[in-house]
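Chemist: Predicted model, plus sequence, below.
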Amino acid sequence: MGNQFNCQTRYAARPLLMRMTRLSVEQEPPTMGDMAAMVGTSRRNLMRWSVEGIPELSADRVAVSLGLHPAELWPEWWANCPQVTP
């Protein structure tokens with residue numbers, strides 16, 4: 001079975017950034033570098049995603065790295081899933 005991700009779809013970074021800010025155990029809000037480390041990417045990628053959106057495969061990976069399903073951050077995730085017919 002091949003990759004079923006639509007690599008054209010991008011998701012807004014704001015829900016991810018907001019969730020990481022709430023997950024931070026520090027008294028101060030986390031820096032972009034801190035947040036990048038939380039999801040296993042570079043600060044540069046996180047900055048790029050905040051402007052361009054997060055590619056679908058990366059969105060899946062970062063959500064899972066936070067112990068979440070991508071739909072918990074992006075409710076529209078389900079609308080972009082291929083429909084399976086029995």
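Modeler: Nice, I can see it.
Chemist: Next, L66: phi, psi?
Modeler: Backbone torsions of L66, given as degrees, to the nearest 10, read phi -100, psi 10.
Chemist: now swap in A13 and tell me
Modeler: Backbone torsions for A13, taken as degrees, to the nearest 10, come to phi -80, psi -20.
Chemist: swap in P55?
Modeler: Dihedral angles of P55 (phi, psi; degrees, to the nearest 10) stand at phi -60, psi 150.
Chemist: Identify the residue nearest it in space, chain neighbours excluded?
Modeler: Sequence neighbours aside, R10 is the residue nearest to P55 in space, at 5.8 Å (criterion: Cβ to Cβ, 6 or more residues apart in numbering). Where you see a C-beta, it was placed from the backbone N, CA and C, and this is true even at glycine.
Chemist: Who are the contact partners of the one you found?
Modeler: E52, G53, I54, P55, E56, A59 (Cβ atoms under 8 Å, 6 or more residues apart in numbering).
Chemist: Quick one: distance of stretch 62-71 to the chain centre.
Modeler: Centre-to-centre, stretch 62-71 and its host chain are 7 Å apart (Cα atoms, centre = their mean, to the nearest Å).
Chemist: got the end-to-end distance for that stretch?
Modeler: 12 Å (Cα to Cα, to the nearest Å).
Chemist: One more: stretch 58-75?
Modeler: By Cα to Cα, one end of stretch 58-75 lies 16 Å from the other end.
Chemist: Show me the contact partners of that stretch.
Modeler: Stretch 58-75 is contacted by residues 5, 10-12, 15-16, 19-20, 23, 38-41, 45, 49, 54, 77-78 when judged by Cβ under 8 Å, 6+ apart.
Chemist: Which members of these are positioned in strands?
Modeler: R10, Y11, I54 (DSSP state E).
Chemist: Low-confidence stretches in this structure?
Modeler: 1-7, 24-27, 81-86 (pLDDT under 70).
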